[in-house]
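Engineer: Model the structure of this input:
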Amino acid sequence: MFRLPSLDLIRISSIIALASSMIIGSIALRGVLDQYQRAGASLVELQLFELATAAATAITKERRPLELALSVDPEDAGDLQTELKAARNDADRAIARFRARVEAEKLQEGMNFNFLTALLREERRGADALLALPLEARQVSLQLRVARGMSAISQAYVPFVDKAAQRVIEADESLAGRVNVARLLGALYESATRLPSEVMPALKRSEVIPPEAVMTSMRVQQRILALWDVGVSQLEFGFDSPQLRQAHEDIRAIYFGKGFPFLTRAIETYSRRPLNATERGDRISEVYAPTTLPILRMRNLYVDAMMKEAVAIQESTLLQMKLVVFLTGLILVMTAIATWVLYRQMLRPLFGLRDQILALCERRPLSRRRYEGSVLAVRSLYKALETLETRDHQRMVLEQERAELAEKLRTLSETDELTGLPNRRGLFARLDGLGEQGRDYVAILGDIDHFKAVNDTYGHGPGDEVLAAFSACLRKRAGEDIVVARYGGEEFAIVVRSDGLEMALAFAEELRGEVEGLAVRTTAGTIRITASFGLAHQGGPVASWQALFSIADRALYDAKAAGRNRVRLSNATLATLGPAAQPGGGTAARRDEAAA
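Structural biologist: Coordinates of the predicted model:
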C-alpha cells in the first residue's frame, strides 16, 4: 500500500489548511455580506412601509374631527374646525413624505398620487360645503355621504400600502408574516374607526338610525370580526416583547371587550328608537373612540419592532463581516507562520525523538540524533522524559509511604492502646462538627469507683483487665448517636445525641446498673466494680466541648462525694429542671437513704 512520506504529508496538509482557510473565510464573508445587504434592503423598504402606514393613519384620523364638526352649529365649531385643519395638514404632510420617498426611489408604478390627491380635494370640498350649512340643514343622508367619501379615500389608499408591503416581503421573505399582521391591524383600525361613521349622524340628531346605515354598519362589523378571526392566530404567537403582549391583551379587553360590544348594542337599540331626552349621541362617540387606540398602538409596535430588528441585524452582520475578515486574515498568517516553524524547528526533529522514545519504551538500543534547531524544549525532551519518568516513580513511592505513615500516626495518636477506644484527642476529633448541627447533646463522664484500691490490691495487670472489661461494656453501646472514648486514667467519656434529657438519664442509669452487676474475671480472681457518672446537658449547638466536659466533671465529682455508684446531673441542669430531676444511685444510694 502506497503511503506518502510524513514530511510530504505535512507539506500537503499545510497547503490544504491555507486553501481551506481562504475558502471558508470567503464563504463566511459572502454569507454575512448577503445577510447585511438583505437587512439593509429590508430596512429601506420598512422605512417606506412605515411612511405608507403613517399616511394611512393620518387619512383615517381626519374623519373624527370632521364628523364632530358636522354635528354642531358653524358658530360653535371653532375648536373643531381648528382640529380638522390640523388633521388635514397632518394627512397632507404624511402623504407628501411618502410620495417624496416613492419618487426618490422611482417606485411610482402602481401608485397614482395625482388621483389620490384629487379625490382627497374633492371629498374635502364636499365636506366643507356641508359644514357651511346650518346644523338643521345637514341631513343624515348628506353626512353619511361625506363620511363614506372619506372612507372611500382610505380604501383608495390601500393599494399604496399593499405595494409598500410587497416590497418589504421581496427584500426579506422572513418578514412576510409580520408585515401581513401590520397590514391586518391597519385594516382593522380603519374599519373600527369607520363603524361609528355610519350611525353617529343619526344619533347626534336624535333620530332613528336609517336601515341603510344599519346594514352598512353590520357589514363593517362583520369585516371587523373577520379580520380579527383571521389575524388572531398570527397575533397569538411570536410576541418578542412585553409591549406587544400587552397591546394584544388591550385589544381583547378594551376594544373587543368594551368598545365593540358597546357600539353594537347602541346600533341595535337606536335602530328601533331614537335617543330619549336623557341620552346623548356624543357620549357614545366619547366612549367608543378611545377603545380603538390599542389597535393603532399594536400596529405601530409591530412596525417599530420590525425596523429595530432590521437595524440590529444590520449592525450585527457588519460586526460579523469585520470579525470574519480579521479572523480569516489572522488564520492565514498564523497558519503560514506555524507551518514554517512546525516543519523546520519541530516536526522533523520530533520524528527522530519519537524513535528514541519508542526505543526507550521497548528497551532496545538506538543511537541518539543530535538536534540542530533552536527550540530548547525539543532539544531537552529526551532528557526531560527520562528524568520525569524516574522522578514520577520515586514520587509515587514516597507519597504512598507518606500516606501510610500518616494514617498510622493518626491512628496511634487518637487511639488508646489498652482499650482500643479513642483517647481524648480522638474524642475531640470525632466531635468536631457535631456541635454545629443544632441537636441536643449530653456529655457523660464515667469513673470506676476505688480503682486505685483495685491496683493496690490486685496489681496493675488485673487493673488493666478491669479497664478493658469496663471499656468493652461501653464500646458495645457506641453507635451513630453515641461516641465513647477513654478520657484519662480510669475516667471514660460518653457523648449521647438525645432528644430529651430523660432518655440520657435513663441511658446513664442503665449503664451504671450494668457495671454494678459486672464480674470481671482476671488472673487474680473475679473482681466486682461500680462506677459513678456525671452528666452535662447542652441544648442546641455546642459552643465548646471542653467546657461541657468540665461541667460533666463537676457532676462526676458530686456523684463521688455523694457516695459513688450513682448518676449526677450538673448544677446548671438542676437549676433548670429542679432537684426532683436528680436521679438516685444504686445500692449505695439506698443505703444512704436507709441511714437517713
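Engineer: surely R564 meets I529?
Structural biologist: No: applying Cβ atoms under 8 Å as the test, R564 and I529 come out as separate, 10.6 Å apart. The way it works is simple: take the backbone N, C-alpha and C, and place the C-beta from them, glycine included.
Engineer: What does A443 show for phi and psi?
Structural biologist: Dihedral pair for A443: phi -100, psi 130, per degrees, to the nearest 10.
Engineer: scratch that, R99 is what I was asking about
Structural biologist: Here R99 shows phi and psi, under degrees, to the nearest 10, equal to phi -60, psi -40.
Engineer: next one: R138
Structural biologist: phi -90, psi 90.
Engineer: max-length helix in this structure?
Structural biologist: helix 6-61 (DSSP state H).
Engineer: Quick one: list the elements packing against that one.
Structural biologist: helix 78-104, helix 140-171, helix 176-194, helix 293-341, helix 348-362 (3 or more Cβ pairs under 8 Å, 6 or more residues apart in numbering; DSSP states H and E).
Engineer: The next helix or strand after that helix to helix 78-104, inter-axis angle?
Structural biologist: Reading on from helix 6-61 to the C-terminus, the next helix or strand found by DSSP states H and E is helix 63-70. Using axes from the mean of the first three to the mean of the last three Cα atoms, to 10 degrees, the direction of helix 63-70 lies 150 degrees away from that of helix 78-104.
Engineer: just flag whichever of the helices and strands packed on helix 6-61 has the lowest average confidence.
Structural biologist: The stretch with the lowest mean pLDDT among these is helix 348-362, at a mean of 68.
Engineer: Quick one: mean pLDDT for the helix or strand just after it?
Structural biologist: Helices and strands here follow DSSP H and E; after helix 348-362, the next one along the chain is helix 376-379. Rounded to a whole number, the mean pLDDT of helix 376-379 is 71.
Engineer: swap in stretch 197-206?
Structural biologist: 85.
Engineer: please begin residue numbering at 37 from this point
Structural biologist: Done: numbering now begins at 37, and the last item shifts to stretch 233-242.
Engineer: separation between F196 and T566?
Structural biologist: Using Cβ to Cβ, to the nearest Å, we find F196 at a distance of 112 Å from T566.
Engineer: Pick out whichever of those two has more residues nearby.
Structural biologist: F196 (23 against 20; other Cβ atoms under 10 Å).
Engineer: The more buried one contacts F134, correct?
Structural biologist: Yes: at 7.4 Å, F196 counts as touching F134 under the criterion of Cβ under 8 Å.
Engineer: got any residues that touch both of the two?
Structural biologist: 88, 91 (Cβ atoms under 8 Å, 6 or more residues apart in numbering).
Engineer: Quick check: which of the helices and strands packed on helix 42-97 is nearest to G497?
Structural biologist: helix 384-398 (61.9 Å; Cβ to Cβ).
Engineer: Residue ranges of each domain in the protein, please.
Structural biologist: 42-356, 416-450, 460-631 (automatic domain parsing).
Engineer: What is the burial count for F362?
Structural biologist: 10.
Engineer: Roughly how far does it sit from G61?
Structural biologist: For F362, the distance to G61 - Cβ to Cβ - is 10 Å.
Engineer: Ok, A529 next?
Structural biologist: When A529 is compared with G61 (using Cβ to Cβ), they lie 76 Å apart.
Engineer: Compare those two (neighbour count), which wins?
Structural biologist: Higher neighbour count among A529 and G61: A529, with 26 against 17, using other Cβ under 10 Å.
Engineer: got a list of what that one touches?
Structural biologist: 460, 463, 479-482, 519-523, 585.
Engineer: Out of those, which end up buried?
Structural biologist: Buried by 16 or more other Cβ atoms under 10 Å: 460, 463, 479-482, 519-523, 585, out of those.
Engineer: Could I get those residues in JSON lines, plus columns for secondary structure and distance to A228?
Structural biologist: JSON lines is the format used below for the buried ones among the contacts of A529 (DSSP: H, G, I helix; E, B strand; the rest coil; distance: Cβ to Cβ, whole Å):
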{"residue": "R460", "secondary structure": "helix", "distance to A228": "89"}
{"residue": "L463", "secondary structure": "helix", "distance to A228": "85"}
{"residue": "A479", "secondary structure": "strand", "distance to A228": "83"}
{"residue": "I480", "secondary structure": "strand", "distance to A228": "86"}
{"residue": "L481", "secondary structure": "strand", "distance to A228": "90"}
{"residue": "G482", "secondary structure": "strand", "distance to A228": "92"}
{"residue": "V519", "secondary structure": "strand", "distance to A228": "81"}
{"residue": "V520", "secondary structure": "strand", "distance to A228": "86"}
{"residue": "A521", "secondary structure": "strand", "distance to A228": "87"}
{"residue": "R522", "secondary structure": "strand", "distance to A228": "93"}
{"residue": "Y523", "secondary structure": "strand", "distance to A228": "91"}
{"residue": "F585", "secondary structure": "helix", "distance to A228": "86"}
